[in-house]
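J.: sequence and predicted structure, then a few things I'm wondering about:
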Amino acid sequence: MPIRILIVDSYQELSQLSAGFVAEMVRFKPSAVLGLATGSTPIGMYEELVRLHIEQGLDFSKTTTFNLDEYVGLSESHAQSYYTYMRRNFWDCVNIPSDQVHIPRGDAGDLARECEEYEEGIERAGGIDLQVLGIGTNGHIGFNEPGSDFGTKTHVVRLSESTIEANSRFFASSNFVPREAISMGLQTIFRSRRILLLADGESKARAIRQMVTGDVTPQLPASLLKQHADVMLMVTRQAAAELPEDVVKLSGT
Ligand code: GLP
């Protein structure tokens, strides 16, 4: 089944529509298992979900979440850990019980065991109903860098130079960006029942074009999603800037 593509005019629209997509899942199935992403792209989506919670009573009390990834070596309390990001942008702002949120522990003593237990936790929860994804400028999803094996489960990954560079904006300099991360694997992500991939900004335009028009290849991890039965690609006009005309025509709001 071809990927569904929705091109929106602004980041605000991307945030509202993606939050609406997640909210619909939570209303339809209050005990939904959500896979969540970090990075700058979904910040507006979280803001909107928090607004829906406060103003419309969107209820997360039965929802379970699993985050995609975490930097190796950063403790939960580190300002740039994804744990801190999630608390600040979502967990602490809605009524989700703390024992229902999950993120790999980047400072675990035994990383291999942490990965195994994380994967088992997802399975025990019944698998992911809806996985939200961003995309790296090099086409990575989670922290599965180009060349990643399509069969991987939650594992320790070495970050590519381009990802370290792209993420250095959150740190004092690229020297402070951890070199490794724990990430759900491509197979973990692929097994989600539904996937929503968000992209904004010109820096993503090339990866989005390659994903939509190119072959399925480990060199562009996001291309694997073309083999998934239920993927929605929600992108702003800037991120869609390199898509061919005929694709754009069919993909407006
Ligand atoms: C990081 C995260 C990804 C995210 C990507 C894009 O590398 N591990 O999950 O999708 O960055 O981030 P941004 O949304 O900030 O461009």
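T.: Arrived safely, thanks for sending.
J.: just the residues contacting stretch 234-253, thanks.
T.: Contacts with stretch 234-253, where a contact means CB atoms under 8 Å, 6 or more residues apart in numbering, come from 5-11, 13-14, 17-18, 21, 196-202, 204-206, 208-209, 212-213. The way it works is simple: take the backbone N, C-alpha and C, and place the C-beta from them, glycine included.
J.: can it be found next to the ligand?
T.: No. Stretch 234-253 lies out of reach of the ligand by CB under 6 Å from any ligand atom, never closer than 9.9 Å.
J.: for the closest residue to Leu68 other than its chain neighbours, list the residues it contacts.
T.: Once flanking residues are discounted, Leu68 sits nearest to Gly142: 4.2 Å by CB to CB, 6 or more residues apart in numbering. Contacts for Gly142 (CB under 8 Å, 6+ apart) come out as 37, 68-69, 133, 183-186, 189.
J.: if you set the cut-off to 7 Å instead, what comes out?
T.: Neighbour list for Gly142: 68-69, 183-184, 189 [criterion: CB atoms under 7 Å, 6 or more residues apart in numbering].
J.: looking at the residues you listed, which are in strands?
T.: 69, 183 (DSSP state E).
J.: what packs against the helix or strand where Ala112 lies?
T.: Here Ala112, judged by DSSP states H and E, is contained in helix 111-124. The contact analysis (3 or more CB pairs under 7 Å, 6 or more residues apart in numbering; DSSP states H and E) places helix 111-124 against strand 155-158, strand 180-183.
J.: secondary structure element holding Ser15?
T.: Secondary structure assignment for Ser15, by DSSP H and E: helix 11-28.
J.: let's see that helix as CSV, backbone CA atoms only.
T.: Taking C-alpha atoms only, helix 11-28 is exported to CSV below (Å, rounded to 0.1, in the frame of the first residue of the first chain):
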residue,chain,number,x,y,z
TYR,A,11,4.3,24.1,11.4
GLN,A,12,1.2,25.1,13.3
GLU,A,13,-1.0,23.1,11.1
LEU,A,14,1.4,20.1,11.3
SER,A,15,1.3,20.3,15.1
GLN,A,16,-2.5,20.6,15.2
LEU,A,17,-3.2,17.8,12.7
SER,A,18,-0.7,15.4,14.2
ALA,A,19,-2.0,16.0,17.7
GLY,A,20,-5.5,15.4,16.3
PHE,A,21,-4.3,12.1,14.9
VAL,A,22,-2.9,11.0,18.2
ALA,A,23,-5.9,12.3,20.1
GLU,A,24,-8.2,10.3,17.9
MET,A,25,-6.3,7.1,18.7
VAL,A,26,-6.5,7.9,22.5
ARG,A,27,-10.2,8.6,22.3
PHE,A,28,-11.0,5.5,20.3
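J.: ok, residues contacting it?
T.: 8, 32, 34, 44-45, 47-49, 52, 58, 60, 63, 129-130, 132, 196, 198, 200, 232, 234, 236.
J.: any idea which of the helices and strands packed on helix 111-124 is most buried?
T.: The highest mean neighbour count among the helices and strands packed on helix 111-124, using mean count of other CB atoms under 10 Å, belongs to strand 180-183: a mean of 24.
J.: partners of that one, with directions?
T.: strand 69-71 (antiparallel), strand 155-158 (antiparallel) (DSSP bridges).
J.: related to what we said a few turns ago, from the chain's centroid, how far away is the helix holding Ser15?
T.: Here helix 11-28 shows a centroid-to-chain-centroid distance of 14 Å under the convention CA atoms, centre = their mean, to the nearest Å.
J.: tell me, how many residues neighbour the nearest residue to Lys29 once chain neighbours are set aside?
T.: Leaving aside its chain neighbours, Lys29 sits nearest to Asp129 (6.5 Å; criterion: CB to CB, 6+ apart). When neighbours are defined as other CB atoms under 10 Å, Asp129 has 20 of them.
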